[in-house]
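Sharing a sequence plus its predicted fold:
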Amino acid sequence: MAVTRGLEGIVATESSISSIIDDQLTYVGYDIDDLAQNSSFEEVIYLLWNKKLPTLNELNEFKKDLAQNMAIPDEIIDHLKSYNLESVHPMAALRTAVSMLGLYDEESDVMEEEANKRKAVRLQAKMSTIVTAFGRIRKGQEPVSPREDFSFAANFLYMLNGEEPKDLEVEAINKALVLHADHELNASTFTARVCVATLSDIYSGITAAIGALKGPLHGGANERVMAMLSEIGEEDRAIDYIKEKLENKEKIMGMGHRVYEKGDPRAKHLREMSRELTKITGNSKWYNMSVKIEDYIKENKGLPANVDFYSASVYHSLGIDHDLFTPLFAVSRVSGWLAHVLEQYDNNRLIRPRADYVGPKGQKYTPIEER
Ligand SMILES: CC(=O)SCCNC(=O)CCNC(=O)[C@H](O)C(C)(C)COP(=O)(O)OP(=O)(O)OC[C@H]1O[C@@H](n2cnc3c(N)ncnc32)[C@H](O)[C@@H]1OP(=O)(O)O
Ligand SMILES: O=C([O-])CC(=O)C(=O)O
């Protein structure tokens, strides 16, 4: 059997949600540059789920629906409080709490299309509440309830910090949410599709996807980028640090991509946001350091920066805890996961590849006392 390690280049499904063609990303045919510049995250979720941009009325209804579904059961808040708050990673907390959400949803195992759409709204709305509640609880603060008059992006910051966010901060979070919403058949989306292709429920699919996003080769890279920048500390140390890492055959987080050759089209938006925000917050060294690393890796390894690279200094400048970077990615990407889960249910076939067996053959069982 011919083996394609990592399924590189294998086309495993048809999809009409997002595409990557000639290094350009589109959501339902809309260029990511256009959406990043002009759209709200709520519009993008609507687009991914309905394959069309909403009218004003549709958008207002959708926003209301999301806002009204943001509250999470008290039992989940209590559960979050019961974790070992000093050591539990917020992605592990999110994975567990999302699985738990399924226990409190009476429609959890109802597989009808309309019920699945209602569950999609609930999951989309509640993940932001879980992440921000956990972010506060572990600091000894009480969770803050969402405000129905706030946008999704504003509510994320409001629930996290307990104060009205500034317009500039809301704009930055909105753009980051738009840029992270979907990305064709990336590892976590594929995981969600594999899970629900067994006709398992949406909560199982999203829980599995969170687990896949958590890894450092995928969404977990953004937190590691900031750890790397912090370890470097000063701009003039950046290149020596990177050279040493490369000599030791270590990977540079936030660099490289399985699909993009010339570059990740989302990175330039985050790079510009990083430039602006680090300047405003008097933190330009993080941006300058990142540019040096990006240029060096591009020149010496031919690898482009991916979406996780500049999002690190953007989120840091917004005062977000470093281990909440990946959960914030999940708060956006759940929109894409849900679109793919719904698409998978719509035209399902079990996903079951083969493995080329290379282990020993013809072995005979020996009783335990003879081994
Ligand atoms: C949202 C996202 O998921 S974006 C990706 C986030 N992940 C990261 O930023 C982690 C760092 N990057 C990587 O590990 C990889 O580039 C991936 C996982 C993103 C893509 O990996 P793959 O397509 O499987 O490429 P693979 O890991 O096989 O690398 C191919 C070659 O490039 C090198 N390479 C790839 N990425 C990097 C990197 N970031 N730093 C240094 N070398 C790298 C590998 O060492 C390998 O070299 P070799 O052929 O000499 O052994
Ligand atoms: O597509 C990928 O392999 C990873 C990625 O950039 C994403 O999920 O946004």
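Happy to help now that I have it. Ligands and ions are numbered 1, 2, ... in the order given.

And for the residue in the stretch 251-371 of the chain that ligand 1 sits nearest to, the neighbour number?
Per Cβ to the nearest ligand atom, residue 256 is where the stretch 251-371 of the chain lies closest to ligand 1, at 2.3 Å. No exception for glycine: its C-beta is placed from N, CA and C like everyone else's. Residues lying near residue 256 (other Cβ atoms under 10 Å) number 19.

residues in contact with the nearest residue to it once chain neighbours are set aside?
Counting by Cβ to Cβ, 6 or more residues apart in numbering, residue 303 is the residue found nearest to residue 256 once chain neighbours are left out, at 4.4 Å. Residues in contact with residue 303 (Cβ atoms under 8 Å, 6 or more residues apart in numbering) are 252, 255-257, 297.

how close does residue 303 sit to ligand 2?
Note on residue 303: its distance to ligand 2, by Cβ to the nearest ligand atom, to the nearest Å, is 13 Å.

same deal with residue 21?
Distance from residue 21 to ligand 2, by Cβ to the nearest ligand atom: 14 Å.

May I have the beta-bridge partners of that residue?
residue 24 (DSSP bridges).

Tell me how many other residues surround it.
Neighbourhood size, residue 21 [other Cβ under 10 Å]: 8.

I'd like the numbering to begin with 2 instead of 1 from here.
From this message on, residue numbering opens at 2, which makes the last subject residue 22.

where does whatever residue of the stretch 52-201 of the chain ends up closest to ligand 1 land on pLDDT?
Residue of the stretch 52-201 of the chain nearest ligand 1, by Cβ to the nearest ligand atom: residue 187 (6.1 Å). Looking at residue 187, its pLDDT is 98.

so who does the residue lying closest to it once chain neighbours are set aside touch?
Nearest non-adjacent residue to residue 187, counting by Cβ to Cβ, 6+ apart: residue 219, 7.0 Å away. Contacts for residue 219 (Cβ under 8 Å, 6+ apart) come out as 187-189, 213.

near ligand 2 too, which of these?
Residues of those in contact with ligand 2 (Cβ under 6 Å from any ligand atom): residue 187.

Kindly reformat the contacts of residue 219 as a markdown table containing distance to residue 12.
A markdown table is the format used below for those (distance: Cβ to Cβ, whole Å):
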| residue | distance to residue 12 |
| --- | --- |
| 187 | 14 |
| 188 | 16 |
| 189 | 18 |
| 213 | 19 |
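
who wins for most neighbours among the contacts of residue 219?
Ranked by neighbours (other Cβ under 10 Å), the contacts of residue 219 are led by residue 189, which has 27 neighbours.

just the contacts of residue 219 now: which is nearest residue 311?
Of all the contacts of residue 219, residue 311 sits closest to residue 187, with 18.1 Å by Cβ to Cβ.

what does this protein put close to ligand 2?
When proximity is defined by Cβ under 6 Å from any ligand atom, the chain lies next to ligand 2 at 184, 187, 259-260, 307-308.

So which of the residues you listed sit within helices?
Of the residues of the chain next to ligand 2, the ones assigned to helices by DSSP state H are residue 308.

How about residues contacting the host helix or strand of residue 102?
Following DSSP states H and E, one finds residue 102 within helix 91-104. Helix 91-104 is contacted from outside by 73-74, 76-77, 80-81, 84, 109, 123-124, 127-128, 131-132, 135-136, 202-205, 207-208, 211-212, 214-215, 221, 324-325, 327-328, 331, using Cβ under 8 Å, 6+ apart.

at contact distance from ligand 1, anything in that helix?
No: Helix 91-104 is not in contact with ligand 1 by Cβ under 6 Å from any ligand atom; minimum separation 13.6 Å.

Check which residues of that helix are buried.
91-92, 94-103 (16 or more other Cβ atoms under 10 Å).

packing partners for the helix or strand following it?
Next helix or strand after helix 91-104 toward the C-terminus (DSSP H and E): helix 114-138. Applying 3 or more Cβ pairs under 8 Å, 6 or more residues apart in numbering; DSSP states H and E, one finds that helix 114-138 contacts helix 42-51, helix 57-69, helix 75-83, helix 91-104, helix 153-162, helix 203-214, helix 326-347.

could the ones you listed go into CSV alongside distance to residue 291 and mean pLDDT?
Listed next are the helices and strands packed on helix 114-138 as CSV, based on distance: least, Cβ to Cβ, whole Å; pLDDT from 0 to 100:
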stretch, distance to residue 291, mean pLDDT
helix 42-51, 24, 98
helix 57-69, 33, 96
helix 75-83, 33, 97
helix 91-104, 23, 98
helix 153-162, 23, 98
helix 203-214, 22, 98
helix 326-347, 14, 98
